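>>> got a structure for you, letters missing:
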């Protein structure tokens, strides 16, 4: 069952070495992420599952490695402590390339936190995964009797300003406002109702992971707190904690 969840933003710019001179601009977001991870640790879960958007889905075992070399930084990360961990019925690690960027950012967040020594698994979710399949994945992930914490990575729209990656779209701010409200109040129905087509047009990477969270949280009775809601680069960045 789901014991707690943290929702964090996932741009590589969250890593100071990647952001370089612009690093201080996301200091408040980093602090919010650390606070959200603190909520996860306080829940004392049996295992942690990291959910992140990617071009293709897959599972990554504890110890899987990621890198920020594609972003010009000689920095590697590991998903949880290196070495095998008993993760129950989880699928084997995805072969081939290392962690996708969203999971690499999550690994970086975990490395810099005082996270408890519990088994960790990464699940990459296709950004185009339909809502009903997201819900089913969430229910499957937290369907057992063990206490599971979720670290859910994802961003809002990328169309909040003229200089945003997706240019300015008047639908972006309302989309992000509703997502922030739903995440801050643990409104499962509202998260499940987020329009996947609109999210794709607005370049929101968070829609699918958030809907996985909604599926995982059904019946858990968790409450939510919104810790961060800004769009410094024309991209909606949200941080929330559920417990």
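It's in. Everything quoted here is computed from the prediction, not taken from an experiment.
>>> check contacts around the residue nearest the centre of the chain.
Nearest to the mean C-alpha position of the chain, by CA atoms, centre = their mean, lies residue 153 at 1.0 Å. Contact partners of residue 153, counting by CB atoms under 8 Å, 6 or more residues apart in numbering, are 8-10, 50-53, 102-103, 105-106, 206, 209. All C-beta spots, glycine's among them, are computed from the backbone N, C-alpha and C.
>>> any idea how far residue 144 is from it?
22 Å (CB to CB, to the nearest Å).
>>> who does the residue nearest to the centre of the chain bridge with?
The partner list for residue 153 in beta bridges (DSSP bridges) reads residue 8.
>>> what residue ranges in the protein score low on pLDDT?
Across the chain, the ranges flagged by pLDDT under 70 are 82-97, 114, 116.
>>> not counting sequence-adjacent ones, nearest residue to the residue in it sticking out farthest from the centre?
In the chain, the greatest distance from the average C-alpha position (CA atoms, centre = their mean) is reached by residue 162, at 25.8 Å. Distance criterion CB to CB, 6 or more residues apart in numbering; nearest residue to residue 162, sequence neighbours excluded, is residue 168 at 4.9 Å.
>>> burial check on residue 220, number of neighbours?
17 (other CB atoms under 10 Å).
>>> show me the beta-bridge partners of residue 49.
residue 121, residue 150.
>>> quick check: it touching residue 152?
No: look at residue 49 against residue 152 with CB atoms under 8 Å: they stay out of range, at 9.2 Å.
>>> the two - which one has more neighbours?
residue 152 (29 against 25).
>>> for the more buried one, list the residues it contacts.
Residue 152 neighbours (CB under 8 Å, 6+ apart): 5, 6, 7, 8, 51, 52, 209, 210, 212, 213.
>>> the second one in helix, strand or coil?
What DSSP: H, G, I helix; E, B strand; the rest coil gives for residue 6 is strand.
>>> so the closest residue to it other than its chain neighbours is in which element?
Leaving out its chain neighbours, the residue that sits closest to residue 6 by CB to CB, 6+ apart is residue 36, at 3.6 Å. Using DSSP states H and E, residue 36 maps to helix 27-42.
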